[in-house]
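1. Okay, structure incoming, though there's no sequence with it:
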């Protein structure tokens, strides 16, 4: 069967299964199977898909129809212009997290500095910063050994100098101080009904859920970061759309100055930051 006809059929199947990006999903899966880009897909859509490729494509479409995230099916996701390896052991990088990267780069104006990414997962935040600030010393940590291996592979893939270590938040960087500390920690309430919807059903709960209505890890990081920031250094954290006030108030209570929140691509308060001026 022709590629364009298979794409149309796959898109219809994924739409009926509830995918909000059905056609795009089908195209990404086809590009992965065929090893081509979107231009090729549309230029040569009238060609037949070879039987083995078609069987693999239809198997991926079936898995996507059952809800498996596209990033896990392809093993890749683009973030900040970097193609990153993905795996079910880590969160899938999302466009909204680029708000955190943008905030970090706005504060990282010095020629050199030290940056720490807490709970790095695929390494997305640390690698994005390293790609834009090659003279900075970038460290990324994660509690998951699998995530550490994944982040290291992504760093090697792009030739970026990032130190990646296994750590329970700050344990592996005891005694070190940083000019910028960023984190996209678990921040979802364990009772949030959205945990049963979409891609998050397949992502590791340990990277999604936190106690105290999703605030526990955010508050822990805010507390402990004070021992790891240089004077004038910044802490910035991604959080839920309804958590900005609580996080901002906590930063102020802990002695941070210039606390503020930033909105993501959808207009939700998504990142809160504060400056350490003891």
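-> The structure has been received and is ready for your questions. Just so you know, these numbers come straight off a predicted model, no measurement behind them.

2. Quick one: residues in contact with the lowest-mean-pLDDT helix or strand in the chain.
-> Ranked by mean pLDDT, DSSP states H and E, the weakest helix or strand in the chain is helix 38-43, scoring a mean of 93. Applying Cβ atoms under 8 Å, 6 or more residues apart in numbering, the contact partners of helix 38-43 are 3, 7, 27, 30, 31, 34. To be clear about C-beta, it is placed using only N, CA and C from the backbone, and glycine gets the same treatment.

3. Among these, which one lies nearest to residue 245?
-> Nearest to residue 245 among those is residue 27, at 40.1 Å by Cβ to Cβ.

4. quick revisit: out of the contacts of helix 38-43, which is most surrounded?
-> The most crowded member of those, judged by other Cβ atoms under 10 Å, is residue 30 (24 neighbours).

5. Pull the distance from stretch 251-266 to the chain's centre.
-> Stretch 251-266 sits 20 Å away from the centroid of its parent chain (Cα atoms, centre = their mean, to the nearest Å).

6. picking that back up, which one among the contacts of helix 38-43 gets closest to residue 177?
-> Nearest to residue 177 out of these is residue 31 (Cβ to Cβ; 44.2 Å).

7. Quick check: that closest one is in a strand.
-> No - Residue 31 sits outside any strand when classified using DSSP: H, G, I helix; E, B strand; the rest coil, being helix.

8. Surely it is in contact with residue 37?
-> Yes - between residue 31 and residue 37 there is a contact at 6.4 Å, judged by Cβ atoms under 8 Å.

9. what number of residues lie near the nearest residue in space to residue 143 that is not next to it in sequence?
-> Nearest residue to residue 143, sequence neighbours excluded (Cβ to Cβ, 6 or more residues apart in numbering): residue 168, at 5.4 Å. Counted with other Cβ under 10 Å, residues neighbouring residue 168 total 9.

10. per-residue confidence for residue 168?
-> On the pLDDT scale, residue 168 is placed at 96.

11. now it, what's its secondary structure?
-> Classification of residue 168 using three-state DSSP returns coil.
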